[in-house]
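[1] Need coordinates for the following:
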Amino acid sequence: MFSSSLRTYRNAYTGLSRSTWLLSLIMLINRSGTMVVPFMTLYMRSLGYSVADAGLIFGVFGAGSFFGAFVGGKLTDKLGSYPVQLMALLGGGILFMVLGQVHSYKWIAIVTFALSFVNEAFRPANAAAIAQFSEEHNRTRSYSLNRLAINLGWAAGSALGGILAKIDYQLLFWVDGFTNISAALVLYFFLKPKPKTEKEIHPAQELPTVTRSAYQDKQFIFFILLTVLFASCFFQMFTNMPICMKEDLHFGEPFIGFLMAISGIIIALVEMVMVYKLENKGRDAIYIAIGCLLIGLGFILLNVPGLARSGAFGLILALTFGEILSMPFMNSYWTRRANRTNRGQYAALYTMAWSLAQTIGPAAGAELADKQGFPLLWWILGGVCVLTGYLFYRLLSFKR
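    Coordinates of the predicted model:
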């Protein structure tokens, strides 16, 4: 039994290219400093701003991310993924450090917009690079490896961030900036741009594939709208949920950071093996739908009266397994509809969906929680996740 499990784990990680592993290492270094985002609302509260003020800053962050993703996708198709990733990592590192030095609301908003614009340009470039360095049969696993790096980094960053936030919130910005710059150095010294193939040098010799523009792909546009709904709910986990846990459930920052870390650890241990077992079976619509339902359940569990720490682990499990089932296969969907000529467009639109959600989701959620309380927010989010899961299933069940 043990040897069989060990063999399954080994098989889940084999067959991926060296460049895919390097891209994931870069992501791991970068995300190990992911401390500012989950604690930004608490940081804003420490400066004396309201929950609604903090939610608006997340809206500004999302707006910058939205435009940064669009520009990043355009630049990726024009310049290639390598220089865009390098510039975004270096610029983001510097701006994280600057953000920690400003305290007036106006300058926090301005620097936050600039930071998220530069930082988010990295994502479509990185997504396009993974598609470039992977094969069709292992592309879902390649993205899962990248998500594994994100979540390992998230686990380390959240756990350490909770400790650092207890000492001094300023430390979060310095560490986040340092890890961004460190990731850029690894990219520069160890991962060189992929040489163009003969087909890419002489594209006329390549057999035609799907050449539609991502912006004219109606089924994909509907997928993007559903992604915005889903992501608007998902982002509450890192913005309004920590505030609810601290102010309504009376959990401390270290325990909140520990819960975030647990989620990352579970994803690190489970996701690659689950994707290895589930990929290429033609059931992506089912996996995404179940994932949405689990995330909806996780939010609803926040309304359990007198939720104790043991109950908090239960809702983290629901949210985590919902994420594991939904997100890898959402990535698979857009990569299958793209090719090398429009990959930046598809990656940009998918990233922009998450950025738009980050703009409207936390701000709307914070406003609702401020006026009506957190319980109503969690009921609404649960219902939206269930509806979105059903619509994802209907959409992806039709092949085009």
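
[2] And the next helix or strand past the helix or strand of the chain with the lowest mean pLDDT?
    Least confident helix or strand, the chain: helix 198-201 with a mean of 44, by mean pLDDT, DSSP states H and E. Scanning forward in sequence from helix 198-201 by DSSP states H and E, the next helix or strand is helix 218-234.

[3] And that next one, what's buried?
    Using 16 or more other C-beta atoms under 10 Å as the test for burial, helix 218-234 gives F220, F223, I224, L226, T227, V228, L229, F230, A231, S232, C233, F234. (Each C-beta comes from the backbone N, C-alpha and C, glycine too.)

[4] Give me the mean pLDDT for whichever strand or helix holds A347.
    Assigned by DSSP H and E, A347 belongs to helix 343-372. On average, the pLDDT along helix 343-372 is 84.

[5] Check what contacts the next helix or strand after that helix and list those residues.
    On the C-terminal side of helix 343-372, the nearest following helix or strand under DSSP H and E is helix 374-397. The contact list for helix 374-397, computed with C-beta atoms under 8 Å, 6 or more residues apart in numbering, reads 219, 222-223, 226, 229-230, 232-233, 236, 240, 244, 248, 284-286, 288-293, 295-297, 299-300, 302-303, 322, 333, 365, 368-369.

[6] Which positions within the helix holding A347 qualify as buried?
    Residues of helix 343-372 classed as buried: 343-370 (neighbour count, 16+ other C-beta under 10 Å).

[7] now that helix, how far from the centre of its chain.
    Offset of helix 343-372 from its chain centre (C-alpha atoms, centre = their mean, to the nearest Å): 11 Å.

[8] could you say what helices and strands that helix packs with?
    Here helix 343-372 touches helix 51-79, helix 105-133, helix 218-234, helix 240-247, helix 309-337, helix 374-397, going by 3 or more C-beta pairs under 8 Å, 6 or more residues apart in numbering; DSSP states H and E.

[9] Let me have these in JSON lines, extended by distance to N280.
    Below are the helices and strands packed on helix 343-372 laid out as JSON lines (distance: least, C-beta to C-beta, whole Å):
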{"stretch": "helix 51-79", "distance to N280": "27"}
{"stretch": "helix 105-133", "distance to N280": "16"}
{"stretch": "helix 218-234", "distance to N280": "20"}
{"stretch": "helix 240-247", "distance to N280": "34"}
{"stretch": "helix 309-337", "distance to N280": "9"}
{"stretch": "helix 374-397", "distance to N280": "15"}
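
[10] V275: which of these is closest?
    helix 309-337 (5.1 Å; C-beta to C-beta).

[11] could you give the angle of the closest one to helix 218-234?
    Helix 309-337 and helix 218-234 meet at an angle of 160 degrees, taking axes from the mean of the first three to the mean of the last three C-alpha atoms, to 10 degrees as the criterion.

[12] so what's S19 closest to, chain neighbours aside?
    Spatial nearest neighbour of S19, excluding adjacent residues (C-beta to C-beta, 6 or more residues apart in numbering): F133 at 4.0 Å.

[13] Likewise for K192?
    Per C-beta to C-beta, 6+ apart, closest to K192 is Y82, 7.7 Å.

[14] next one: K78
    G344 (7.9 Å).

[15] you'd agree that neighbour is up against V71?
    No: if you go by C-beta atoms under 8 Å, G344 and V71 don't touch, sitting 10.6 Å apart.

[16] give me every residue that touches the residue nearest to S19.
    S17, S19, T20, L23, S142, K194.

[17] burial measure for the residue nearest to K192, as a count.
    Y82: 18 surrounding residues under other C-beta atoms under 10 Å.

[18] mind checking how far it is from M260?
    As judged by C-beta to C-beta, to the nearest Å, Y82 and M260 stand 31 Å apart.

[19] How about E253?
    E253 is 11 Å from M260, by C-beta to C-beta.

[20] more crowded one of those two?
    Between E253 and M260, counted using other C-beta under 10 Å, M260 has the larger neighbour count: 26 against 19.

[21] And that one, what's its pLDDT?
    Looking at M260, the pLDDT reads 78.

[22] what sits against it?
    Neighbours of M260 in contact, by C-beta under 8 Å, 6+ apart: P38, W154, A155, S158, A159, G162, F238.

[23] Can you pull the poorly scored residue ranges out of the stretch 251-400 of the chain?
    308, 398-400 (pLDDT under 70).

[24] Of all pairs in the contacts of M260, which one is the farthest apart?
    Of all pairs drawn from the contacts of M260, the greatest distance, 14.5 Å, lies between A159 and F238 (C-beta to C-beta).

[25] quick one on the thing from earlier: greatest separation within the buried residues of helix 218-234: which pair is it?
    Greatest spacing in the buried residues of helix 218-234, by C-beta to C-beta: F220 and C233 (20.7 Å).

[26] Setting the sequence-adjacent residues aside, check what's closest to Y43.
    Setting aside the residues directly before and after it, Y43 is nearest to Y169 in space (C-beta to C-beta, 6+ apart), at 4.7 Å.

[27] likewise C244?
    Distances taken as C-beta to C-beta, 6+ apart put F374 closest to C244, at 4.6 Å, once the chain neighbours are dropped.

[28] just W354 next, same as before
    Closest residue in space to W354, ignoring its immediate chain neighbours: A231 at 4.8 Å, by C-beta to C-beta, 6+ apart.
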